[in-house]
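# Got a predicted model here, sequence first, then my questions.
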Amino acid sequence: MTEFFLRPAVLVPAVAVAAYLIHQLFFAGPKLPKLPVVGARDGDWFPFYQAMWRNTFNFKAAVKQADEQFRDQAVLMPLIGNSNMVLLPRSQIQFVTDQPDSVLDMHAAAIESLQIDYTCTDPYLVHNPVHHKLITTTLTNQIGNLVPDVAEETAWAFEQRWGSPDEYQEVCVYDTLRKIVGCVTNRVFLGKPKHGLRPRRAPDFYSTAHGVETRAATRPRPRAQRLPPVDHQAGQGDRRPQEYIDELRAEIEGVLAEHGGEWNKRALAKMQKLDSVMRESARLNSFVTVGLNRAVAAKDGLVTPDGIRIPRGATVSVPSYPIFHDSAVYPDADEFKPFRFAEQRSDASIEYVQRAAKAFATTSTDFLAFGHGRNACPGRFFAANELKLMLAHLVLNYDVELGGERPRNTWFGLNRVPPLQATIRIKRRERA
Ligand code: HEM
């Protein structure tokens, strides 16, 4: 008899059923309201679990289906690792941001989704977020004063990672830029390092970012043959990418000349085309596919404007990817139009407040790349300035050859990851 129960064909399903029952009895999440399940199909035996599988492996299709098929409705969006997600419609984005922390809790959702208690070296900081106040007060107030340091470190970091090659060299965009970003950001948080005289046993992040460890993969590589030069590529619409680069260079050089050749906050603020490129890039490539992830914290749950009660412990989110790709919101939404927002900002027929709302770091219900409302990213003003300085440096100092088409982003559950292996070719820009 015992032998019969120990046979793998009997034991494995028995353990699986027992584990499922224990999970359902003791660890299952809150009882979700009866709502349409995104990803479920007629004829499914286990619609919720089959949908969970489909949504996890094709979240792009899931979030599009939710937004198109159930435009004004809340839906269940089961995912592996997050079976309690209720996706609210885009018309309720403002409603979500208006809820107090006691009703919708951003931190609880972040701690759960990032598993911070297990992944952060010091979870104390996350549960006692002193950094939030430091960012919104000290860091943001100092952005202007930090510009010269950030500009200097940007030049140094690019020289370390990209050098000044006379001939086109291939560089891996992600691998080199994440180190450049680390280097420049460390300059702000840790101060100026004595280049070349750093401690041998520096922390990994610091040493890698400042070039103590150089890996062959991050150095410019010899000329690659497979990429056509920028000039020969078809541009967006009827314009070539090189024309945009020329226009960008003209703006940056013009504004810099007005400011005596010095980088400062006011000069950066005047570079609206540069700002527009960043916002357009964030619009098309944001990792925020669904935004405003919040855990329902209220004891009696959250009651939505259409009367649905979502229980405590569930998470709510709203669509972001479908809005960024909606041509009714962003005309020709699938096209990368670098100066889309600069054109809107210079359109005198639009009210000033609306024009100003097109700046890179400005959030809205249609632009969730930095979140929106009370919990919107407090570091975005700093990030925007740093990234603009870096892009300006790149555009002014390098000629770039791109591949034919931008390699696709990869979807990983609800996350969207940039093409990590993509390369471009660069060389030092010849100035007249
Ligand atoms: C391009 C760069 C960045 C992007 C795209 C980004 C994006 C985001 C997003 C989407 C959120 C969630 C907002 C919400 O759910 O409403 C967030 C939150 C946050 N970000 Fe960023 N972020 C960036 C850079 C930074 C930097 C440089 C810092 C720090 C200096 C920072 C600090 C934070 C903090 C502390 C929060 C949590 C806010 C809260 O607790 O209320 N971020 N960010």
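On my side now, so go ahead.
# ok, Asn375 touching Met106?
Yes: with contact taken as C-beta atoms under 8 Å, Asn375 and Met106 are classed as touching, separated by 4.2 Å. Where you see a C-beta, it was placed from the backbone N, CA and C, and this is true even at glycine.
# Okay, buried residues for stretch 147-157 please.
147, 150-151, 153-154, 156-157 (16 or more other C-beta atoms under 10 Å).
# and if you look at stretch 417-432?
Across stretch 417-432, burial judged by 16+ other C-beta under 10 Å covers 419, 423-427.
# Please state the backbone phi and psi of the closest residue to Tyr398 other than its chain neighbours?
Nearest-residue entry for Tyr398: Ile426, 4.7 Å, with adjacent residues in sequence omitted and distances by C-beta to C-beta, 6 or more residues apart in numbering. With angles defined as degrees, to the nearest 10, Ile426 sits at phi -130, psi 150.
# Am I right that Ile426 is in contact with Asp166?
No: in this structure, Ile426 is not within contact of Asp166 by C-beta under 8 Å, at 11.4 Å.
# re the thing from before, what's the overlap in contacts for Asn375 and Met106?
Residues touching both Asn375 and Met106 (C-beta atoms under 8 Å, 6 or more residues apart in numbering) are Leu292.
# Give the burial count for Gly191, as a bare number.
8 (other C-beta atoms under 10 Å).
# Now do it against Ser113, distance only.
Going from Gly191 to Ser113 by C-beta to C-beta, to the nearest Å gives 33 Å.
# Quick one: residues contacting the residue nearest to Tyr398.
162, 165, 168-169, 171, 220, 398-401.
# Scan those residues and report the most crowded one.
Counting by other C-beta under 10 Å, top hit in the contacts of Ile426: Val171 with 24 neighbours.
# Need phi/psi at that residue.
Torsion angles at Val171 (phi, psi; degrees, to the nearest 10) stand at phi -130, psi 150.
# what's the neighbour count on Leu391?
Residues near Leu391, counting by other C-beta under 10 Å, number 19.
# pLDDT of stretch 6-13, averaged?
The pLDDT scores in stretch 6-13 average 86.
# quick one: buried residues of stretch 281-296?
By neighbour count, with 16+ other C-beta under 10 Å as the criterion, the buried positions of stretch 281-296 are 281-284, 286, 288-296.
# among the residues you listed, which are in reach of the ligand?
288, 292 (C-beta under 6 Å from any ligand atom).
# Nearest to Ala348 among the buried residues of stretch 281-296?
Arg283 (23.4 Å; C-beta to C-beta).
# name the helices or strands packed onto the helix or strand encompassing that closest one?
Remark: Arg283 resides in helix 272-285, with elements defined by DSSP states H and E. The contact analysis (3 or more C-beta pairs under 8 Å, 6 or more residues apart in numbering; DSSP states H and E) places helix 272-285 against helix 241-258, helix 340-345, helix 380-397.
# May I see the buried residues of stretch 327-344?
Here stretch 327-344 shows 330, 333, 336-342 as buried, counting by 16+ other C-beta under 10 Å.
# okay, now the residue lying closest to Lys64 once chain neighbours are set aside: neighbour count?
Nearest residue to Lys64, sequence neighbours excluded (C-beta to C-beta, 6+ apart): Pro322, at 5.7 Å. By the criterion of other C-beta under 10 Å, Pro322 has 20 neighbours.
# picking that back up, for the residue nearest to Tyr398, name its beta-bridge partners.
With beta bridges defined as DSSP bridges, Ile426 has these partners: Gln169, Val400.
# distance of it from Leu396?
13 Å.
# what sits against the spatially most central residue of the chain?
The centroid of the chain falls nearest to Phe287 when counting by C-alpha atoms, centre = their mean (3.6 Å). By C-beta under 8 Å, 6+ apart, the contact set of Phe287 is 415-417.
# my guess is Thr56 meets Asn415, correct?
No: counting by C-beta under 8 Å, Thr56 stays clear of Asn415, with 11.1 Å between them.
# Counting neighbours, go ahead and name the busier of these two.
Using other C-beta under 10 Å as the criterion, Thr56 and Asn415 rank with Thr56 on top: 19 against 13.
# Ignoring the adjacent residues along the chain, who's closest to that one?
Spatial nearest neighbour of Thr56, excluding adjacent residues (C-beta to C-beta, 6+ apart): Ile80 at 4.4 Å.
# swap in Val288?
Nearest residue to Val288, sequence neighbours excluded (C-beta to C-beta, 6+ apart): Ser320, at 4.7 Å.
# How many residues are close by that neighbour?
Ser320 has 25 neighbours, counted by other C-beta under 10 Å.
# hang on, isn't it packed against Asp366?
No: contact criterion C-beta under 8 Å: Ser320 and Asp366 do not qualify, at 9.3 Å.
# Can you check which residues contact both of those two?
Counting by C-beta under 8 Å, 6+ apart, Ser320 and Asp366 have no shared contacts at all.
# now the closest residue to Cys120 other than its chain neighbours, what's its secondary structure?
Take Cys120 and drop its neighbours on the chain: the residue closest to it by C-beta to C-beta, 6+ apart is Val126, 5.7 Å away. Secondary structure, DSSP: H, G, I helix; E, B strand; the rest coil: Val126 is helix.
# Val126: neighbour count?
Val126, neighbours per other C-beta under 10 Å, totals 16.
# With Phe381 instead?
Neighbours of Phe381 under the rule other C-beta under 10 Å: 19.
# That one reaches Thr363, doesn't it?
No: Phe381 lies out of contact with Thr363 (C-beta under 8 Å); the separation is 11.3 Å.
# which residues do those two both contact?
Common neighbours of Phe381 and Thr363, counting by C-beta under 8 Å, 6+ apart, are absent.
# now the helices for the stretch 51-200 of the chain?
Assigned by DSSP state H, counting those that start in this stretch, the helices in the stretch 51-200 of the chain fall at 59-69, 93-98, 106-114, 116-119, 124-127, 130-134, 140-141, 143-161, 173-190.
# elements contacting the second one?
In this structure, helix 93-98 makes packing contacts with strand 290-296, strand 315-319, judged by 3+ C-beta pairs under 8 Å, 6+ apart.
# Can you show me the CA trace of it as PDB?
Output of helix 93-98 as PDB, limited to C-alpha atoms (Å, rounded to 0.1, in the frame of the first residue of the first chain):
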ATOM      1  CA  ILE A  93      -6.400  57.800 -13.100                       C
ATOM      2  CA  GLN A  94      -7.100  61.000 -11.300                       C
ATOM      3  CA  PHE A  95      -9.300  59.200  -8.900                       C
ATOM      4  CA  VAL A  96      -6.400  56.900  -8.000                       C
ATOM      5  CA  THR A  97      -3.900  59.800  -7.400                       C
ATOM      6  CA  ASP A  98      -6.500  61.600  -5.300                       C
END
